[in-house]
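Enquirer: give me the fold of what follows.
(one chain, ligands or ions: 1)
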Amino acid sequence: MCPAPRVRFAPSPTGHLHVGGARTALFNWLYARSQKGVFVLRIEDTDQERSTAASYAAILEGMRWLGLDWNEGPDVGGDHGPYLQSQRLDIYRQHLEQLAAAGLAYKCFCSAEDLQAREDEVKAAGGVWEGYDGHCRNLTADQIATAEAAGKPYAWRLRTPDEGMTFWYDIILDKLEFQNEVLVDRVIFKADGFPTYQFACVIDDHLMEISHVLRGDDHVSNTPFQLLIYQGLGWKPPKFGHMPMILGPDRKRLSKRHGATSVQEFQKQGILPAAMLNYLSLLGWSPGGNAKEVMTAREIIGKFSLKKVGSSPAAFDYDKLNHINGEHIKALDPGQKVQLALPLLAERGWALDPGWLVHGADSTEAYLGRVLGTLGNRFSSLLTLPDQIGFFFSEDFYVDQEAWTEHVGTEEAGTFLKALAAALEEGLALDQAHPAPAFEEVVRRCAEQQGVKAGQLIHPARVALTGQSRSAGIFDVMELVGLRRTIERLRKAAGSA
Ligand code: GLU
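Expert: A predicted model of the protein is given here:
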């Protein structure tokens with residue numbers, strides 16, 4: 001039996017948690033959870049100029065929001081810490097010394113300006129600059145001593161082989177191979193005393209006993225170089241799986257111009273974490289066959305398999321995300337829906353006013369529960385919800401102008417609305433709350449007196465009360481709006497006819 005896998009998410013804290021990173025974190029988490037393995041969070045903060053505390057906090061917050069919990073990491077600890085690379089500098093240095101002693105790492109005294117000048121020269125002559133030209137590869141001991149005596153700063157580079165091949169069997173992309181002669185002697189330790197990503201990543205994956213490195217396919221070109229570091233240190237590399245990148249709906253690399261790209265932005269747009277997780281899981285993976293796509297995290301874990309992760313790029317489909325979000329909202333129980341919508345009320349200062357005299361609702365929460373109950377499955381987005389329920393809380397509600405002109409804006413409608421307002425005032429006590437059937441009785445009686453079908457009163461009344469031509473049952477609406485406000489709105493609408 002294979003031992004339980006150990007996987008990791010290793011973000012560089014240089015920005016928000018973006019869709020690509022979140023998908024990488026998610027697939028690692030799903031693999032760990034589905035295989036009863038361990039999910040490690042490691043922060044790759046060796047780029048001191050670009051790493052920020054704010055980004056570190058944002059990444060952790062994004063992961064927590066999605067519900068991706070980690071077994072080992074900077075805040076929770078673990079047996080393989082520390083989990084912040086900036087706290088592991090001694091470890092990297094020891095391993096650099098090991099490589100240097102074996103002749104596999106060498107000092108490079110080229111400054112950024114030297115490198116730039118040579119790059120310009122190569123390009124001016126029509127050549128291709130691969131990143132480094134081996135300038136310091138074969139410095140003599142004397143040359144090195146002179147440069148050091150002159151106090152020249154130096155970086156360390158890995159001495160890559162000139163011949164042979166480096167290959168691996170990728171879990172997702174199958175066999176990948178590179179000619180060693182095309183591999184550049186990249187920097188593994190910078191002059192500022194920090195290792196580069198390439199080096200720290202290998203040391204940590206090994207020491208943290210990572211069994212599977214699952215990451216974006218933008219790292220494919222790093223893998224042969226990293227494999228050479230494993231080889232140089234005499235270590236067995238982990239298995240690698242490179243996930244295809246995420247494209248925008250136009251099949252170009254997903255970017256800001258397509259819309260939201262960070263998890264935080266989606267959160268602000270009212271996407272539920274369960275829906276985001278569900279949608280991200282479908283970017284490159286599918287449960288297969290006719291299996292339903294709307295799933296809880298638990299269901300996804302039950303079905304997840306690396307074998308079903310595809311090798312072609314996945315396009316981010318904002319409409320599908322919204323659809324899946326709607327399905328997750330619909331599946332919530334009434335109490336959860338209330339909790340989800342309450343912050344929207346608070347933002348707008350909407351609350352139940354006791355003066356509305358609403359039958360059976362004695363708190364804002366209870367009232368909201370009833371209001372959401374009238375929507376049923378039509379509550380499928382937090383973005384459209386305020387327009388859908390605004391008329392229950394405020395006189396300044398959204399009005400569909402077309403419906404208003406058609407149903408309220410005629411002389412006939414004006415007459416009916418006035419008659420109905422009068423009938424309600426006369427038929428029901430203004431200082432009491434009334435249930436829906438009481439309103440229904442008055443409306444039907446009034447229609448009879450006007451000699452029309454009830455529908456002819458109900459249509460204009462609906463638009464006058466809700467601003468829209470479609471709503472929940474009109475008598476339920478009247479009950480929840482309350483008698484006084486109902487009469488006021490009917491009169492106001494009649495006045496505008
Ligand atoms: N810190 C790297 C990144 O954010 C991690 C790459 C890897 O998973 O090896 O891209």
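Enquirer: grab the nearest non-local neighbour of the spatially most central residue of the chain.
Expert: Closest to where the C-alpha atoms of the chain average out (CA atoms, centre = their mean) is V263, at 3.0 Å. Among residues not flanking V263 along the chain, G62 sits closest, at 4.1 Å (CB to CB, 6 or more residues apart in numbering). In this view, the C-beta of every residue, glycine as well, is placed from N, C-alpha and C.
Enquirer: can you verify that neighbour is assigned to a strand?
Expert: No - G62 sits outside any strand when classified using DSSP: H, G, I helix; E, B strand; the rest coil, being helix.
Enquirer: got the contact list for it?
Expert: Contact analysis of G62 by CB atoms under 8 Å, 6 or more residues apart in numbering lists H16, L17, A22, S262, V263, Q264.
Enquirer: now swap in K320 and tell me
Expert: Per CB under 8 Å, 6+ apart, neighbours of K320: Y279, L282.
Enquirer: quick check: which element contains it?
Expert: Assigned by DSSP states H and E, K320 belongs to helix 318-330.
Enquirer: now the helix or strand that that helix is followed by and helix 318-330, what's the angle there?
Expert: Using DSSP H and E, the helix or strand that follows helix 318-330 in sequence is helix 334-348. Using axes from the mean of the first three to the mean of the last three CA atoms, to 10 degrees, the inter-axis angle of helix 334-348 relative to helix 318-330 is 120 degrees.
Enquirer: ok so, going back, which one among the contacts of G62 gets closest to the ligand?
Expert: Each of those was scored against the ligand by CB to the nearest ligand atom, and L17 proved nearest at 10.7 Å.
Enquirer: burial measure for the closest one, as a count.
Expert: L17 has 24 neighbouring residues, counting by other CB atoms under 10 Å.
Enquirer: need the pLDDT of it.
Expert: Listed pLDDT for L17 reads 97.
Enquirer: so it makes contact with Y56?
Expert: No - at 10.6 Å, L17 does not count as touching Y56 under the criterion of CB atoms under 8 Å.
Enquirer: how about the residues of this structure near the ligand?
Expert: A10, P11, S12, E44, Y197, C201, R215, H219 (CB under 6 Å from any ligand atom).
Enquirer: can you tell me which of those are in helices?
Expert: Per DSSP state H, helices hold the following members of the residues of the chain next to the ligand: Y197, C201.
Enquirer: in strands, which of the residues of the chain next to the ligand fall?
Expert: R215 (DSSP state E).
Enquirer: which non-adjacent residue is nearest whichever residue of the stretch 201-350 of the chain sits closest to the ligand?
Expert: Proximity to the ligand, evaluated over the stretch 201-350 of the chain using CB to the nearest ligand atom, is greatest for R215 at 3.6 Å. Residue nearest to R215 in three dimensions, not counting chain neighbours: T24, with 5.7 Å by CB to CB, 6+ apart.
Enquirer: any stretches of the stretch 101-250 of the chain with poor pLDDT?
Expert: For the stretch 101-250 of the chain, not a single residue meets the criterion pLDDT under 70.
Enquirer: residue contacts, P224?
Expert: Counting by CB under 8 Å, 6+ apart, P224 makes contact with T166, F167, W168, F178, N180, L183.
Enquirer: gap between the residue of the stretch 51-200 of the chain found nearest the ligand and G467?
Expert: Nearest to the ligand, among the residues of the stretch 51-200 of the chain, is Y197, at 5.7 Å (CB to the nearest ligand atom). Distance, Y197 to G467, by CB to CB, to the nearest Å: 56 Å.
Enquirer: would you map the strands across the stretch 201-350 of the chain?
Expert: 212-216, 239-243, 246-247, 314-315 (DSSP state E, counting those that start in this stretch).
Enquirer: show me how far the first one is from its chain's centre.
Expert: Mean-position distance between strand 212-216 and its chain equals 19 Å (CA atoms, centre = their mean, to the nearest Å).
Enquirer: residues contacting F240?
Expert: F240 touches W168, D170, I171, H212, V213, L214, R215, T223, counting by CB under 8 Å, 6+ apart.
Enquirer: and the helix or strand where the first one lies, what does it pack against?
Expert: Under the criterion DSSP H and E, the helix or strand holding W168 is strand 165-170. Packing contacts for strand 165-170, counted by 3 or more CB pairs under 8 Å, 6 or more residues apart in numbering; DSSP states H and E, involve strand 174-179, helix 223-233, strand 239-243.
Enquirer: adjacent strands (with direction) for the shortest one?
Expert: What that stands for is strand 239-243. Each strand paired with strand 239-243, and its direction, by DSSP bridges: strand 212-216 (parallel).
Enquirer: may I see the buried residues of the strand it pairs with?
Expert: Of all the residues in strand 212-216, those buried under the rule 16 or more other CB atoms under 10 Å are H212, V213, L214, R215.
Enquirer: how near is the residue nearest to V263 to M208?
Expert: From G62 over to M208 the distance is 22 Å, taken as CB to CB.
Enquirer: and what of D174?
Expert: Taken as CB to CB, the span from D174 to M208 is 26 Å.
Enquirer: the more surrounded of the two?
Expert: Using other CB under 10 Å, the more surrounded residue of D174 and M208 is M208, with 20 against 9.
Enquirer: show the contacting residues for the more buried one.
Expert: R6, R8, V40, R42, E72, H80.
Enquirer: now rank the residues you listed by neighbours and give me the top one.
Expert: Neighbour counts for these peak at R8, which has 28 neighbours (criterion: other CB under 10 Å).
Enquirer: for that one, which non-adjacent residue is spatially closest?
Expert: Closest to R8 by CB to CB, 6+ apart is V40, at 4.0 Å.
Enquirer: in the stretch 351-497 of the chain, which spans are helices?
Expert: 364-375, 385-393, 401-403, 411-427, 436-450, 454-466, 474-481, 483-495 (DSSP state H, counting those that start in this stretch).
Enquirer: pretty sure L306 contacts K239?
Expert: No - with contact defined as CB under 8 Å, L306 does not reach K239; the gap is 9.5 Å.
Enquirer: identify the contacts common to these two.
Expert: Contact with both L306 and K239 is made by residues I171, according to CB under 8 Å, 6+ apart.
Enquirer: between these two, who's got more neighbours?
Expert: For L306 and K239, the more surrounded residue by other CB under 10 Å is L306, and the numbers stand at 19 against 16.
Enquirer: list the residues that contact that one.
Expert: Y31, I171, I172, L214, G241 are the contacts of L306 under CB under 8 Å, 6+ apart.
Enquirer: and the third one, how many neighbours?
Expert: A total of 18 residues lie near I172 under the criterion other CB under 10 Å.
Enquirer: you'd agree it is up against S311?
Expert: Yes - in this structure I172 lies within contact range of S311 using CB under 8 Å: 5.5 Å.
Enquirer: any common contacting residues for those two?
Expert: Common contacts of I172 and S311, defined by CB under 8 Å, 6+ apart, comprise P244.
Enquirer: pull up the distance across stretch 150-157, start to finish.
Expert: Stretch 150-157 has its terminal residues 20 Å apart, counting by CA to CA, to the nearest Å.
Enquirer: just give the closest residue to T52, not the sequence neighbours.
Expert: T52 sits nearest to P13 (CB to CB, 6+ apart), 6.2 Å away.
Enquirer: quick check, pLDDT for that neighbour.
Expert: Note on P13: pLDDT of 97.
Enquirer: please apply the same query to M1.
Expert: 65.
Enquirer: list the buried residues of stretch 398-408.
Expert: Residues of stretch 398-408 classed as buried: V399, D400, A403, W404, H407, V408 (neighbour count, 16+ other CB under 10 Å).
Enquirer: and the gap between the second one and the ligand?
Expert: Spelled out, that is D400. Separation of D400 from the ligand (CB to the nearest ligand atom, to the nearest Å): 47 Å.
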